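S.K.: Give me a 3D structure for the following:
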Amino acid sequence: ALANNFLKGRGWEVGKYVMEKKHISNTKELLGNKKLGMKIVIPVDVKVGASLESRKAIWRTIDEVKADEYILDIGPRTRRFYTQLVRHAGSVIWNGPLGLFENKHFRSGTRAIVRACANARGVGIIIGGGDTLSAVGRQRLSRKRNVFLSTGGGAMLAFLAGEELPGLEPLIEL
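M.R.: The predicted model follows:
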């Protein structure tokens, strides 16, 4: 869903799926920032369906998405690229599945990134959010020393951004 904001900010069609229209101006501003804009990586291809319950995944490049389709997963080119990014990263902060992983036809992107994180060597990995942990759950990432898992995705991002979290303050003081 977050990628849809950036895709729309770049002027692409995002179909019927979730998009936060109030944030489009923010994404345009970020994408236009010469320092940050080049570091924001958005999908180049996707899997779409006719509905959220769709049993048929159709691969499309970003410029081929139709207004009556739902973007439900990343496509194979994006999946390969993101996997390479994880392998070569110093750290990964992941908040949110890459697709509608609850539907078996649209979970390959999320699964690929889970595998990339599981196989990453020397990469610090922070994963947050209940949906993300649900998608990651069976991969035993919690046993790896370089992985931190948080059920609170929004709280995790707020903490990493330096915001004070009253529930954590007593623990930090210890």
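S.K.: all contacts plus neighbour counts: C-alpha atoms, from now on.
M.R.: Noted.
S.K.: need the helices for this protein, in chain order.
M.R.: Assigned helices in the chain, in chain order: 2-9, 24-32, 76-88, 108-119, 130-136, 153-160, 169-173 (criterion: DSSP state H).
S.K.: Mind listing residues that contact the third one?
M.R.: Applying Cα atoms under 8 Å, 6 or more residues apart in numbering, the set of residues contacting helix 76-88 from outside is 43-46, 92, 109, 112-113, 116-117, 120-121, 123.
S.K.: mind listing what's buried in it?
M.R.: Residues 76, 78-79, 82-83, 85-87 are the ones in helix 76-88 that count as buried (16 or more other Cα atoms under 10 Å).
S.K.: biggest separation within these, which pair?
M.R.: 76 and 87 (16.6 Å; Cα to Cα).
S.K.: Which pLDDT does the model give residue 34?
M.R.: Residue 34 is assigned 80 on the pLDDT scale.
S.K.: Quick one: neighbours of it, just the number.
M.R.: 10 (other Cα atoms under 10 Å).
S.K.: Next: the one 4 residues further on.
M.R.: For residue 38, the number of neighbouring residues by other Cα under 10 Å comes to 11.
S.K.: Equivalent analysis for the one 3 residues further on, please.
M.R.: Look at residue 41: counted by other Cα under 10 Å, it has 14 neighbours.
S.K.: Same question for residue 68.
M.R.: Quick note: residue 68 (other Cα under 10 Å) scores 15 neighbours.
S.K.: same thing with residue 153?
M.R.: By other Cα under 10 Å, neighbour count at residue 153 equals 20.
S.K.: For it, list the residues it contacts.
M.R.: Contacts of residue 153 (Cα under 8 Å, 6+ apart): 95-96, 127-130.
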